[in-house]
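**Q** dropping a prediction and its sequence here:
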Amino acid sequence: MRTITYAQAIREALVERMGQDESIVLMGEDATSAWGPTQGIEQEFPGRVLDMPITESAFVGAAVGAAATGLRPVVDLLFVDFATVCFDQIVNQAAKLRYMTGGGVRVPLVLRAMWGTGMRRGAQHSQALHPLFVHVPGLKVVTPSNPADAKGLMATALQEDDPVLFLEHKMLYFTPGEVPEEPYAVPFGEASVVREGSSCTVVAVGRMVQVALEAADRLAESGVRCEVLDPRTLSPFDNAAVYRSVEKTGHLVVVDEAHPRCGLAADVAAQVAQDCHGALRGPVRMVTAPHAPVPFSPALEDAFTPDAAEVVEAVRATGAGEPAPALA
Amino acid sequence: MRTITYAQAIREALVERMGQDESIVLMGEDATSAWGPTQGIEQEFPGRVLDMPITESAFVGAAVGAAATGLRPVVDLLFVDFATVCFDQIVNQAAKLRYMTGGGVRVPLVLRAMWGTGMRRGAQHSQALHPLFVHVPGLKVVTPSNPADAKGLMATALQEDDPVLFLEHKMLYFTPGEVPEEPYAVPFGEASVVREGSSCTVVAVGRMVQVALEAADRLAESGVRCEVLDPRTLSPFDNAAVYRSVEKTGHLVVVDEAHPRCGLAADVAAQVAQDCHGALRGPVRMVTAPHAPVPFSPALEDAFTPDAAEVVEAVRATGAGEPAPALA
Amino acid sequence: MDRLPAGAEEPGLRMYRVMAMIRAFEERVGELAEEIPGAVHLYIGQEAVAAGVCSVLRDGDHLASTHRGHGHAIAAGCEVEAMAAELYGRSDGVCSGKGGSMHIADLGHGMLGANGLAGGGVPLACGAALTARQRGTDDVAVAFTGDGGANQGAVLESLVLARMLDLPVVFVVENNGYAQATSAARHFSGTDMSARAAGFGIPGAVVDGADALAVRDAASEAVDRARSGRGPTLVECRAQRFHGHMEGWDNQAYRPSGEAERLRAEADPLALLRRRLTEAGQPADAGAELDRAEKESAARVQAAFDRAAQPAEPLLTALTTDVYAAH
Amino acid sequence: MDRLPAGAEEPGLRMYRVMAMIRAFEERVGELAEEIPGAVHLYIGQEAVAAGVCSVLRDGDHLASTHRGHGHAIAAGCEVEAMAAELYGRSDGVCSGKGGSMHIADLGHGMLGANGLAGGGVPLACGAALTARQRGTDDVAVAFTGDGGANQGAVLESLVLARMLDLPVVFVVENNGYAQATSAARHFSGTDMSARAAGFGIPGAVVDGADALAVRDAASEAVDRARSGRGPTLVECRAQRFHGHMEGWDNQAYRPSGEAERLRAEADPLALLRRRLTEAGQPADAGAELDRAEKESAARVQAAFDRAAQPAEPLLTALTTDVYAAH
Ligand SMILES: Cc1ncc(C[n+]2csc(CCOP(=O)(O)OP(=O)(O)O)c2C)c(N)n1
Ligand SMILES: Cc1ncc(C[n+]2csc(CCOP(=O)(O)OP(=O)(O)O)c2C)c(N)n1
Ligand SMILES: [Mg+2]
Ligand SMILES: [Mg+2]
């Protein structure tokens, strides 16, 4: 199969859907001259890519209003950190409009944003923030970990009637992968089992999927077989897939580069502790960034970001791979 | 001991500290004519209570700048839902300034806000939102459940050198309670054991403490003794107190009126599942609001808000109070 | 829009009908305020603004409102029965009881919603205008905000956005002299919104918000500009609120004593329009027509609230529906 | 503030020293851009703005900067050695390596920080002004923003707030013609910030940002107004960035071809100030003095970066310190 990058895969879904759906418009600062997934789309769809002034509250709010009245805006927020300047429009307007009107309004809106560490951009350009969006009912939250999912999830996002936070990990844009040429959609709410295994379930988000796979390789050397799950959509979340895996493995590690408190790792771990207690044969483990802003220093940023060694240690700490204790 | 309300208790701490500390200023929309905890303070401290235009980004940001340069602003955000319009100033500026400067700046700032359901104000005036703030490193998050703690926690907040979200549950303002007349401080990071018990640990936040106590009363009738913990500060969080209790009871229920996903209930449950797995003798249970915005309809709002019956059911679902299974 | 009245009537009479309905609705809400759950912000005194502005709108146009939204909703054509039911949180309310006073919305009438966030609705109206622009229709959108809300970043940014894209949007600032207890004189520091708009390259006008005909004229010019692709306009309507900020909460100690009473006597938009519609040169039966409009409104509102106040079985399954279109 | 130069020198010479240091620093950063971690936004071409404005500040005053903050930091008196170390993320950097280029702050020099959010620092400067106001000192604060950032709600709200409280703050809008790739002509839609300020009741001025003496004059008037309790002023400085938005990223295809080169030749603020300081009537050795300033700056900057680029043992325990003052 043909190989393209994550950025190209997103672009492909955008272009395909824009060809099908006239209501799609792209909005953002410098949208017509953007690099990355939307580069050059203006030439293919003149008049449907709109440059915005640096007024996120106004233009994200306008996108909500446009979505409510018939367009399907795709807004580029650039760094997800900038969602904070228009947080009301996301959290109180976009997310709640449908509910507050008793279903009277639909808000087909995609908010794209780059997230994550790795580019040495410091505390205000490197955040994860997805736990904030996952917390808020009415929002859907997606973050692909590879090009094939990126294309399929974007195709789905562009056919949803709810506001979608489409979070693109900034360190994955140039990651290549096999991507089918024909259009297809990856449904929301379906985790993918990236690697099968029987010893420990490892749920990993975004760029952390690679980290988890690296850890799984290392652990396999000592006979510990990790089952690596990529939830792909964080809201809705495929609890069932995680439960199925934990029922089999008896152990859970969650790897996420967001902060620990009220984060996604806690979310998954708590759900399993509540609903799969009987299956757990050891403590769950969370591997996250620390409770600290993202430091600029490359050495510190690297230490901030979870790595394979931490995942290996966490899997071991669950007791996975140890012989089951003899009964009584 | 003398009895005053939650609102009066907050006021007492404010007045006491303003008398001691000239750098304290109160800021907010209609601050000079506010009802509640700050009512009439302007007369006692002329020139130190400042009315603001409806420009939260500007005045919360100004409070951050003022804190960095020597004042100790106490900002009234009114409803916590309005924190969304100045979220950047809270999350990217106030919370990160100290870290980004390698400790070069201190930000002694208190952001007061009303939160929670019960006043039939609908989706944009009834949220909890504390999980969002707890997630963000650099912020401290406090929410008293009774007048005595309200006074003591505010006294501490006013002596912290970090930004504090001081969340006042709107349904508690008129709750009376015994409050010492002399100044005192309740330290951050220390949970209070509101009721001792041996069967199940119930961690409850804010107004939910009352709900948990009501459930505990009902459960006591059938011999199930709940230990009710009020964390009081959500960040920092007194994990140790929860662990101590769970080690004793073997069971955990967390009650919080925030939404479930990436919420505080998940945070506590996950931490216990990770660090106290050996002590848990049944599944943890989370009692939260649903994953839906707050409905306006009083009947729906009541159904939205966790109640004692749900807590009772959750405690039972942990297996608490059942005879320990015979070994083998 | 402006759907209450029948076909070929004079704009003045049609506006009067709308204003009478708003007045009747709001007076009744005021009477029932202790019984109605939650908070209500009454529009009494400002009726001419909603009626005047909406009198020049038509199907396909949109408006976004504020926390003080009943008047805009009625002027947009929302049914008072469904609104009354909404205020009581009933499942037959215009938002199925999930919105309440501060969130009344009704897309069928172009009403994007009241809003709990000061200034929060203004970008939404820009969005409706963007839809019109992208589709090449000549629909327009109206963004209402109060004087206090006009200071919000979301509103000021909307001016930048609307000008840069030349959106067919009309910003209507209802300056009723106060943001809660803070006087507009203080929070506007002696400036006015139309001067501000000029700084953003947007034509502005200041108009007497008690005078429905004057509001209509100014709105008409602004809406024409928007419809014909000449971009946004800002209209500041100097209006008055006769009540406090919110029922049952505001003692209005910040107001000069007697101000509200004086305003009722001297600056009542209904009385003003009545004078205009009954002065020399107008049809002889005009006054009777207005009386009838008032009576009909009062009766319809009375019935609406009588019904809305009836005990109703809440639909508890609704708690978790409508969070998503599909999940 | 303005601490680089020694005591009793002429303001022109002192500003030149500051500008020469900024230029030397930024040229070196440009050379090292591929090696320096993360993103750097250079101030080359805009030196006269920071130097002119900061030349009228004194101890006790504060400033808040933007993502393009090196020039402001140097003009405020920050040590280039500590800044160079910061750019490399070293623990001996001015922010212990935790901030980086976009977050250089140094309260000891009144520098509240560069900022990663467009417009994000402007409210912070209002806060420093609030401190002065509350304490009754005559300190002032300066809020820098770019033309693009000036459209942010936080900035526009700050105008409202500053006017309502009559804060001793000076808003400096550095209009360098572009916000990333979007020209100011487009995003300001033909308006200018000083006209906007007028709409908010704030006196505004537009000044040639390449002319340090003109900037200094405008800043002096604005700072005097603030110091004497007459409230805020907005100064729009028309400046130019000679480089792209960010090193190593921006091909500047949106610029008329040759624009940057032409600007360097025709609108270099250092060349302009040099002409002024060496023209007839000035001391005969003035040119030599300026040459010396440039040489010294270059040498100091070279040494600073040579040192900063040395391998250093990172202090990994710093990862979780400084999150709180005390926990
Ligand atoms: C962002 C935000 N801040 C504060 C409030 C609280 N609040 C509700 S209405 C109001 C005053 C609004 O004044 P104005 O815009 O003049 O409208 P009016 O009430 O006069 O109609 C305030 C401060 C809010 N709803 N939203
Ligand atoms: C709130 C926010 N939105 C978007 C960005 C991305 N961004 C960084 S700099 C910039 C352009 C700023 O232009 P201007 O204010 O004119 O400053 P200049 O770069 O010209 O100095 C943008 C859009 C940001 N940092 N913050
Ligand atoms: Mg008002
Ligand atoms: Mg610029």
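**A** Done, it's in. Ligands and ions are numbered 1, 2, ... in the order given.

**Q** residue A:163 and residue A:63, how far apart?
**A** Distance, residue A:163 to residue A:63, by CB to CB, to the nearest Å: 9 Å. For every residue, glycine as well, the C-beta is placed using N, CA and C.

**Q** identify the contacts common to these two.
**A** A:109, A:111 (CB atoms under 8 Å, 6 or more residues apart in numbering or on different chains).

**Q** ok, these two, which is more surrounded?
**A** residue A:63 (35 against 32; other CB atoms under 10 Å in any protein chain shown).

**Q** list the residues that contact the nearest residue to that one once chain neighbours are set aside.
**A** Of all residues beyond its chain neighbours, the one nearest residue A:63 is residue A:73 (3.9 Å), with distances taken as CB to CB, 6 or more residues apart in numbering or on different chains. Residues in contact with residue A:73 (CB under 8 Å, 6+ apart) are A:24, A:25, A:26, A:27, A:63, A:66, A:67, A:109, A:110, C:127.

**Q** which residues of the stretch 101-250 of chain C lie near chain B?
**A** For the stretch 101-250 of chain C, the residues in contact with chain B (CB under 8 Å from any CB of the partner chain) are C:101-103, C:115-120, C:148-149, C:151-154, C:179-182, C:186-187, C:249.

**Q** ok, now which ones touch residue 38?
**A** No chain specified, so I'll use chain A. A:11, A:14, A:26, A:28, A:31, A:49, A:76.

**Q** nope, chain C please
**A** Per CB under 8 Å, 6+ apart, neighbours of residue C:38: B:119, B:120, B:121, B:122, B:296, C:100, C:101, C:102.

**Q** report the contact partners of the fifth one.
**A** For residue B:296, the contacting residues are A:100, B:120-123, C:37-38, C:89, C:95, C:97-100, C:103, taking CB under 8 Å, 6+ apart as the criterion.

**Q** try the last one
**A** Taking CB under 8 Å, 6+ apart as the contact definition, residue C:102 lies against B:121, B:122, B:124, B:125, C:38, C:39, C:41, C:67, C:69, C:114, C:115, C:116.

**Q** and if you look at the fourth one?
**A** Shown here is residue B:122, whose contacts under the criterion CB under 8 Å, 6+ apart are A:100, B:294, B:295, B:296, C:38, C:98, C:99, C:100, C:101, C:102, C:103, C:116.

**Q** now do residue C:4, the pLDDT please.
**A** Confidence at residue C:4, expressed as pLDDT, is 47.

**Q** ramachandran coordinates for the most centrally placed residue in chain C?
**A** Nearest to the mean C-alpha position of chain C, by CA atoms, centre = their mean, lies residue C:72 at 2.6 Å. Here is the backbone geometry of residue C:72 (degrees, to the nearest 10): phi -60, psi -40.

**Q** do residue C:178 as well
**A** phi -140, psi 150.

**Q** how about residue A:230?
**A** phi -110, psi 110.

**Q** ok, now how distant is it from residue A:134?
**A** Distance from residue A:230 to residue A:134, by CB to CB: 15 Å.

**Q** also residue A:116?
**A** Where residue A:134 is concerned, residue A:116 sits at a distance of 15 Å (CB to CB).

**Q** same question for residue A:96.
**A** 16 Å.

**Q** and the residue in chain C positioned nearest to ligand 1, what are its bridge partners?
**A** Per CB to the nearest ligand atom, residue C:146 is where chain C lies closest to ligand 1, at 2.2 Å. Here residue C:146 shows beta-bridge partners residue C:174, assigned using DSSP bridges.

**Q** please name the residues that touch it.
**A** C:66, C:68, C:118, C:173, C:174, C:175, C:176, C:179.

**Q** now residue C:148. Nearest residue, chain neighbours left out?
**A** That would be residue C:179: by CB to CB, 6+ apart, it lies 2.3 Å from residue C:148.

**Q** which residues touch that neighbour?
**A** B:29, B:53, B:54, C:118, C:146, C:147, C:148, C:149, C:151, C:187.

**Q** is it in a bridge, and if so with what?
**A** Residue C:179 has these beta-bridge partners by DSSP bridges: residue C:182.

**Q** ok, now residue A:203?
**A** Here residue A:203, judged by DSSP bridges, has bridge partners residue A:229, residue A:254.

**Q** so what's it up against?
**A** A:191, A:229, A:230, A:231, A:242, A:252, A:253, A:254, A:255, A:268.

**Q** for the last one, which non-adjacent residue is spatially closest?
**A** With CB to CB, 6+ apart as the measure, residue A:254 is the residue that lies nearest to residue A:268, at 4.7 Å, once sequence neighbours are left out.

**Q** helices of the stretch 51-200 of chain A, residue ranges please.
**A** A:56-68, A:87-88, A:97-100, A:130-135, A:147-157 (DSSP state H, counting those that start in this stretch).
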